[in-house]
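Engineer: How does the following fold in three dimensions:
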Amino acid sequence: MEFVALDFETANADMSSICQLGLALFKDGSLQEEWKTYIDPEDFFDGINVSIHGIDETTVEGAPILPDIASLIYSYLDDRIAVCHTHFDRVALHKACAKYDLRVPTCTWLDSARVTRRTWDQFAYKGYGLANVCATLGYQFVQHDALEDAKAAAHILHAAIEKTGMDLQQWLKRVERSIGFPDHSYNISQDGNPEGAFYGEMLVFTGALEISRRVAADMAAKIGCMVVDGVNKKTTILVVGDQDIKKLAGHEKSSKHRKAEKLIAEGYPIRILQESDFKELVLLAE
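Structural biologist: Numbering: from 1, shown residues only. Purely as a prediction, here's the structure:
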């Protein structure tokens, strides 16, 4: 049983702006190799992202850019199972490879969040974030360090394998099937598809989108997100129009955007995405 767990940190809401990478190779339940590096994203650092992971322009000074380490990434990921917690890291890698016209590693992806939702009934429809699951399992780690997050995802996968007796190949098939736990609290009048990969996420749109809000809401609901109009303490994802993302370097942001950043600063786990990344997230989650 061999797989590589990985995690990225990004400099701003553009998911191609990778500024740190952590990779951990596991074989037969044991850590064989680990590697972590800062990456110069050749992009600006948004204060909100810096407040989350502590990485800024000075941290990555002299660090490689993604093409400099592409061959090493391929050596870890090609022809292996790549494990990450939710699809965000997968999208980040796809976007960054496109940015530099690099090929995407030929790996098979396994989302440990989807494994979690099919292993423990209390996480089937909510609370399946990396930190919360690890706290429940009694696994301590430093959150928002790429290598630590990668190893935390691996720990969750190992715990699920031990609990269910299913191996990696069985899990690759299992995550494509329905969750199988009843959700008695689910209100059928809500927009989120309870079998969607992101059920339990509360999503808000802001800014000028290329597609209509109705189409965007339908896309979000299909993958499980409950779409609401305003940002509040229960919000977990804010999708910002791509053109509005370009204003992040010191220009005016929408009231929803500013409120989300204020809540992030207060410790609420809101992820800010640009529209193009949201579309790719939907594509990969379907």
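
Engineer: which other helices and strands contact the helix or strand in which residue 256 is found?
Structural biologist: Assigned by DSSP states H and E, residue 256 belongs to helix 255-265. Other elements packing on helix 255-265 under the criterion 3 or more Cβ pairs under 8 Å, 6 or more residues apart in numbering; DSSP states H and E are helix 47-53, strand 202-206, strand 237-240, strand 271-274. C-beta here means a position set from N, CA and C on the backbone, and glycine is covered the same way.

Engineer: who's in contact with the last one?
Structural biologist: It refers to strand 271-274. With contact meaning Cβ atoms under 8 Å, 6 or more residues apart in numbering, strand 271-274 is reached by 13-15, 48, 88, 236-242, 245, 257, 260-261, 264, 281.

Engineer: same question, the longest one
Structural biologist: Residues outside helix 47-53 that contact it (Cβ under 8 Å, 6+ apart) are 9-13, 19-20, 55-56, 144-145, 261, 264-265, 272.

Engineer: Mind listing what's buried along that helix?
Structural biologist: Under the neighbour-count criterion of 16 or more other Cβ atoms under 10 Å, helix 47-53 has 48-50, 52-53 buried.

Engineer: need those in CSV with pLDDT and distance to residue 97, can you?
Structural biologist: Formatted as CSV, these follow (pLDDT from 0 to 100; distance: Cβ to Cβ, whole Å):
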residue, pLDDT, distance to residue 97
48, 95, 25
49, 96, 20
50, 97, 24
52, 95, 23
53, 97, 21
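
Engineer: following the one helix or strand residue 4 maps to, which helix or strand comes up?
Structural biologist: Element membership of residue 4 [criterion: DSSP H and E] is strand 2-10. Scanning forward in sequence from strand 2-10 by DSSP H and E, the next helix or strand is strand 18-27.

Engineer: Listing partners with orientation, what would you give for that next one?
Structural biologist: Sheet pairing here is set by DSSP bridges, and for strand 18-27 it gives strand 2-10 (antiparallel), strand 30-38 (antiparallel).

Engineer: Could I get the average pLDDT for the strand holding residue 4?
Structural biologist: For strand 2-10, mean pLDDT rounds to 97.

Engineer: can you give me the helices in the protein?
Structural biologist: 47-53, 66-77, 88-99, 112-117, 130-137, 146-164, 168-174, 213-222, 242-245, 255-265, 275-285 (DSSP state H).

Engineer: Return the alpha-carbon coordinates of the first one using PDB.
Structural biologist: By that I understand helix 47-53. Extracted C-alpha coordinates of helix 47-53, given in PDB (Å, rounded to 0.1, in the frame of the first residue of the first chain):
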ATOM      1  CA  GLY A  47      -2.700  39.900   3.900                       C
ATOM      2  CA  ILE A  48      -5.500  37.400   4.700                       C
ATOM      3  CA  ASN A  49      -3.400  34.500   3.300                       C
ATOM      4  CA  VAL A  50      -0.300  35.700   5.200                       C
ATOM      5  CA  SER A  51      -2.400  35.800   8.400                       C
ATOM      6  CA  ILE A  52      -3.400  32.200   7.900                       C
ATOM      7  CA  HIS A  53       0.000  30.500   7.100                       C
END
